[in-house]
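>>> need a structure here:
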Amino acid sequence: MNQTTSNTIGEVLLEIGKVNRADLDRALEVQRQTKQKLGRIFIDLGTVSEEDLRLAYSRLLQIPIWEKKKDDRYPLIENVPKVFLMANRVLPLCLDNGVLDIALADPQDSLLAETIALATNKEIRIFAGCEKDILASLETMYEGEVKEEDGAASSIEVMEDVEHLRDMASEAPVIRLVNSILTKAIEIGASDIHLELFERSARLRYRVDGVLQELTPPPRELYHAIISRIKIMAKLNIAEKRLPQDGRIKMKVAGKEVDLRVSIIPMSCGEGVVMRILDRTAVTLDLEKLGFNQEFLVKFRRMVNKPEGMLLVTGPTGSGKTTTLYAVLKELVSPEIKIITVEDPVEYSMEGVNQIQVNPQINLTFASGLRSILRHDPDVVLIGEIRDRETASIAIQASLTGHLVLSTLHTNDSASAFTRLMDMGMEDYLISSCIIGVLAQRLVRKMCEKCREAFVPGEDLRQTARLNAGEYLFRAKGCDECGNTGFKGRKCIAEFLCVDDAIRRLILAHKDSSEIMKEAVRGGTKNLWTDGLESVRKGETTLEELLRVSSDTQEEQRLFVPAS
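Numbering: from 1, shown residues only. Predicted coordinates:
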């Protein structure tokens, strides 16, 4: 087989003369916009034929080519149903001495091959095939078979047997498959794993840098056994399928301890699972490295070093609020200061900090825990989240009696925190007296420094980004280093509102959040949109990424950002 020095399918197609440089650049631009695989884009654009793509895969991966022949016979494989083979363009070619030959339309999908190996317990040998030939051969292969619906119904009846489920969950292929799903997620830095079941297929997605990415799903036939395996690992009831269940898994991957928070919810087609990965070694508890600019850090550190008052961090779920607060605690920890936290759950263990885990089943709530810890003479108190009036009331009283209180609140921006507390029933004079600052933050994906490229934006983009004529921006290109996404890691953009006398007067007058925000901007507060634009201009992120996380601030662009 001919050797190739290229390392992407596009470069191989260029090398063998099937595309030119303009074709490749066009396909890469489409990939940046759609995140599709490059081979599929070439086919959809009509640039190459399936046979050309098959040849390129063969050369790139050094694997043999499979060509459809009229009289070929194909083996039926246990544990790998037709719907899985059709959905993933997989054709079993031959089974001999424990080795299963398969033709793939996308031979680069290593997880797909691994899934089939785990489901069949066979060694896999991959051939490069054409999608149209694979689908046609599968249709021929399953002609005259019993209706798939009938088979699915009988399969579901078997799966209802709890003991059978327990046995399947304990079998080596299922254990290896679950371990593979978890290990892959941790290796690529995913924060969440989503497993879902639909009428004809399963779905597996990882959330990486805040965005869901779809991977090759496990075979639908093994889905129930996989869920049972996860339940066993999280010490949940595998017989309970009607009610939601929550649990935790502790496991060791590559020599490091990883916690997973497991949530299982019954859906119409089967149970859905989300696993939140708490990899303490992957978290940066350092305000400098979280992406905050120096101007912000000077103001923020001045506030967190005050002896009393309440400091709130706001933003949607997954915006890094807890990480920011822990980074603050890391700077505050010292033998002279007593720090106590009440959390649900305790996400990061920190030396020198007394941490309490909320447990509603024994009536240990945020409010009851907070009421008790105030008798322990703390200097700094961290409350995981202010959710209700009782917690808010005790937190405010604590901040007024000589404690620095840190907490989170679910609001879109910093100015909305005051009206949110009033909605909970807090008095305006207490809010204006105790709150010293509110930080609103979002996480944006950082562009990969190895493959980002500069470009001169068009007039519309230039005006949106408030650029002068001739200034350039950066865009995400995609490379092996960042998994062809163009992004690697995340950083914070922030809006920090310091409560001064002018803000207090507006709170006491029950002014709405937009008026409070206008006053804060006049006093020097930089809103989320403005802070995000600075990151865009520096080439740290893209304007599209900023719009993704801060679309609710479009009005702020008009109200608060002066034209250049």
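>>> use CA for all of it now, contacts and neighbours both
Fine.
>>> report how many residues lie close to Leu312.
Look at Leu312: counted by other CA atoms under 10 Å, it has 24 neighbours.
>>> ok, and for the top helix by length along the chain, which residues are buried?
For the chain, the helix that runs over the most residues, judged by DSSP state H, is helix 172-187. For helix 172-187, a neighbour-count test (16 or more other CA atoms under 10 Å) marks Pro173, Val174, Ile175, Leu177, Val178, Asn179, Ser180, Ile181, Leu182, Ala185, Ile186 as buried.
>>> quick one: residues in contact with that helix.
115, 118-121, 168-169, 191-193, 206, 218, 222, 225-226, 229-230, 253, 277, 279 (CA atoms under 8 Å, 6 or more residues apart in numbering).
>>> mind checking which of the residues you listed are buried?
Buried among the contacts of helix 172-187 (16+ other CA under 10 Å): 115, 118-121, 168-169, 191-193, 206, 218, 222, 225-226, 229-230, 277, 279.
>>> flag the shaky bits of this protein, pLDDT-wise.
1-6, 144-172, 254-255, 280-284, 551-564 (pLDDT under 70).
>>> just give me the residue right at the centre of it.
Arg207 (2.5 Å; CA atoms, centre = their mean).
>>> wasn't it part of a strand?
Yes - under DSSP: H, G, I helix; E, B strand; the rest coil, Arg207 sits within a strand.
>>> that one contacts Ala190, doesn't it?
Yes - at 5.3 Å, Arg207 and Ala190 qualify as touching, with contact defined as CA atoms under 8 Å.
>>> and the helices in the stretch 401-550 of the chain?
Along the stretch 401-550 of the chain, counting by DSSP state H, counting those that start in this stretch, helices occupy 416-423, 428-434, 459-464, 501-508, 513-522, 528-537, 543-549.
>>> ok so, going back, as CSV, the buried residues of helix 172-187 with distance to Val353 would be great.
Formatted as CSV, the buried residues of helix 172-187 follow (distance: CA to CA, whole Å):
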residue, distance to Val353
Pro173, 42
Val174, 40
Ile175, 37
Leu177, 38
Val178, 35
Asn179, 33
Ser180, 35
Ile181, 34
Leu182, 30
Ala185, 30
Ile186, 27
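>>> which two among those residues are spaced furthest apart?
Largest separation among those by CA to CA: Pro173 and Ile186, giving 20.0 Å.
>>> residue contacts, Asp533?
For the record, residue 533 is Leu, not Asp. For Leu533, counting by CA under 8 Å, 6+ apart, the contacting residues are Ala465, Leu543, Leu546.
>>> around Val444, count how many other residues there are.
So Val444, with other CA under 10 Å, has 28 neighbours.
>>> gap between the closest residue in space to Arg504 that isn't next to it in sequence and Thr419?
Nearest non-adjacent residue to Arg504, counting by CA to CA, 6 or more residues apart in numbering: Ser432, 5.1 Å away. Counting by CA to CA, to the nearest Å, the gap from Ser432 to Thr419 is 11 Å.
>>> can you check Gly318 too?
22 Å.
>>> looking at these two, which one has more neighbours?
Thr419 (19 against 12).
>>> does the more buried one touch Glu515 like I think?
No - look at Thr419 against Glu515 with CA under 8 Å: they stay out of range, at 11.8 Å.
>>> is Pro457 in contact with Tyr472, as I believe?
Yes - contact criterion CA under 8 Å: Pro457 and Tyr472 qualify, at 6.3 Å.
>>> which parts of stretch 43-57 are buried?
Thr47, Val48, Glu50, Asp52, Leu53, Arg54, Leu55, Ala56, Tyr57.
>>> now stretch 80-97
80-82, 84-86, 88-95.
>>> make JSON lines from the residues you listed and add distance to Ser201 and secondary structure to it.
As requested, those are exported to JSON lines (distance: CA to CA, whole Å; DSSP: H, G, I helix; E, B strand; the rest coil):
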{"residue": "Val80", "distance to Ser201": "12", "secondary structure": "coil"}
{"residue": "Pro81", "distance to Ser201": "10", "secondary structure": "coil"}
{"residue": "Lys82", "distance to Ser201": "11", "secondary structure": "helix"}
{"residue": "Phe84", "distance to Ser201": "7", "secondary structure": "helix"}
{"residue": "Leu85", "distance to Ser201": "11", "secondary structure": "helix"}
{"residue": "Met86", "distance to Ser201": "10", "secondary structure": "helix"}
{"residue": "Asn88", "distance to Ser201": "11", "secondary structure": "helix"}
{"residue": "Arg89", "distance to Ser201": "14", "secondary structure": "coil"}
{"residue": "Val90", "distance to Ser201": "15", "secondary structure": "strand"}
{"residue": "Leu91", "distance to Ser201": "17", "secondary structure": "strand"}
{"residue": "Pro92", "distance to Ser201": "19", "secondary structure": "strand"}
{"residue": "Leu93", "distance to Ser201": "23", "secondary structure": "strand"}
{"residue": "Cys94", "distance to Ser201": "25", "secondary structure": "strand"}
{"residue": "Leu95", "distance to Ser201": "25", "secondary structure": "strand"}
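>>> between those residues, which is nearest Tyr326?
Asn88 (43.0 Å).
>>> now do the closest one against Asp279, distance only.
Asn88 is 31 Å from Asp279, by CA to CA.
>>> then Ala415?
32 Å.
>>> what do you get for Arg205?
18 Å.
>>> could you do Gly478 as well?
26 Å.
>>> number of nearby residues for Ser268?
The burial count for Ser268: 9, using other CA under 10 Å.
>>> residues contacting the spatially closest residue to Gly291 that is not a sequence neighbour?
Distance criterion CA to CA, 6+ apart; nearest residue to Gly291, sequence neighbours excluded, is Lys491 at 4.8 Å. Going by CA under 8 Å, 6+ apart, Lys491 touches Leu290, Gly291, Phe292, Leu443, Val444, Arg445, Lys446.
>>> one more pass at 7 Å, please.
Listed by CA atoms under 7 Å, 6 or more residues apart in numbering, the contact partners of Lys491 are Leu290, Gly291, Leu443, Val444, Arg445, Lys446.
>>> neighbours around the second one, how many?
Each residue near Gly291 was counted by other CA under 10 Å, and the total is 18.
>>> roughly how far apart are it and Leu45?
39 Å.
>>> element containing Ile102?
Following DSSP states H and E, the helix or strand that holds Ile102 is strand 99-104.
>>> list the strands paired with that strand, with their directions.
strand 90-96 (antiparallel), strand 123-128 (parallel) (DSSP bridges).
>>> would you indicate which residues of it are buried?
Leu100, Asp101, Ile102, Ala103, Leu104.
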